[in-house]
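Enquirer: I'll drop the sequence and a predicted model, then ask my questions.
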Amino acid sequence: KCWSNLNANERAAYLRRANALFIERADEIGRIMTLEQGKPIAESVGEVLWGADYLLWYAEEIRRSNGTIVPSDSLNTRFYLRRRARGVVACITPWNFPAGMATRKIGPAIAAGCTMILKPATETPLTAMHIVDILERAGLPKGVLNLVIPEKTGPAISKMLHDSRVKNLSFTGSTEVGRVLLKEAADRVI
């Protein structure tokens with residue numbers, strides 16, 4: 001079954017399982033994050049738990065996305081609006097909040113039925129690898145969440161943004177990189 005064809009409850013179940021695994025492994029991932037980027041261990045563990053909360057929030061929120069009936073100009077006609085998966089989402093995360101920002105991007109994409117590419121900061125690839133591992137252990141099918149850790153960031157991001165399968169970009173990082181991404185994404189209006 002195609003990921004976007006799963007119903008909201010089915011997609012939410014993956015996020016709830018991932019939430020429980022993040023809580024269970026918060027100390028382990030927190031230590032990895034501290035070793036990678038130097039954040040105090042208590043803050044790293046707190047960020048992992050904060051990230052787990054995002055997954056649970058989106059798991060519950062997607063269950064309330066039922067569609068909307070909108071009146072029309074005609075008395076005999078109504079419009080029914082239903083949200084659909086957009087497609088592949090490219091997510092680029094910063095070094096200073098590698099777990100919190102990744103789960104903040106992963107949660108809504110998975111909940112909405114989108115597949116995604118996660119490109120972490122070059123300083124924090126191990127944190128990203130553990131995040132992907134947890135989601136896979138939660139049962140997320142292969143290909144729903146894809147991790148890209150390029151040797152050189154610029155060319156990899158440019159290639160990603162010019163791939164016709166990528167329909168959306170979620171970026172948290174510096175203004176300098178944001179300007180470059182805005183230009184790259186403008187050609188395809190993503």
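Expert: Structure's in. What do you need?

Enquirer: quick one, strands of this protein?
Expert: For the chain, strands defined by DSSP state E occupy the ranges 68-71, 78-81, 88-92, 116-119, 145-147, 166-171.

Enquirer: Give me the most central residue, the chain.
Expert: Closest to where the C-alpha atoms of the chain average out (C-alpha atoms, centre = their mean) is residue 106, at 1.7 Å.

Enquirer: Distance-wise, check that one relative to residue 59.
Expert: Distance of residue 106 to residue 59, given as C-beta to C-beta, to the nearest Å: 12 Å. For the C-beta atoms, the positions are set from N, CA and C on the backbone; glycine is no exception.

Enquirer: just residue 17 next, same as before
Expert: From residue 17 over to residue 59 the distance is 9 Å, taken as C-beta to C-beta.

Enquirer: before we move on, what about residue 88?
Expert: Residue 88 is 21 Å from residue 59, by C-beta to C-beta.

Enquirer: List the contacts of the longest helix anywhere in the chain.
Expert: Using DSSP state H, we find that the single longest helix of the chain is helix 41-62. Applying C-beta atoms under 8 Å, 6 or more residues apart in numbering, the external contacts of helix 41-62 come out as 8, 11-13, 15-16, 18-19, 22-23, 25-27, 29-31, 33-34, 39, 97, 99-100, 102-104, 106-108, 110-112, 131.

Enquirer: Helices - which of the residues you listed land there?
Expert: Mapping these onto helices (DSSP H) picks out 8, 11-13, 15-16, 18-19, 22-23, 26-27, 29-31, 33-34, 99-100, 102-104, 106-108, 110-112, 131.

Enquirer: Of these, which qualify as buried by neighbour count?
Expert: By neighbour count, with 16 or more other C-beta atoms under 10 Å, the ones in helices among the contacts of helix 41-62 hold 8, 11-12, 15, 18-19, 22, 26, 29-30, 33-34, 99-100, 102-104, 106-108, 110-112, 131 as buried.

Enquirer: Retrieve the pLDDT associated with the residue sitting furthest away from the middle of the chain.
Expert: Most distant residue from the mean C-alpha position of the chain: residue 75, 41.3 Å away (C-alpha atoms, centre = their mean). At residue 75, the model reports a pLDDT of 84.

Enquirer: Next: residue 79.
Expert: The model's pLDDT for residue 79 equals 85.
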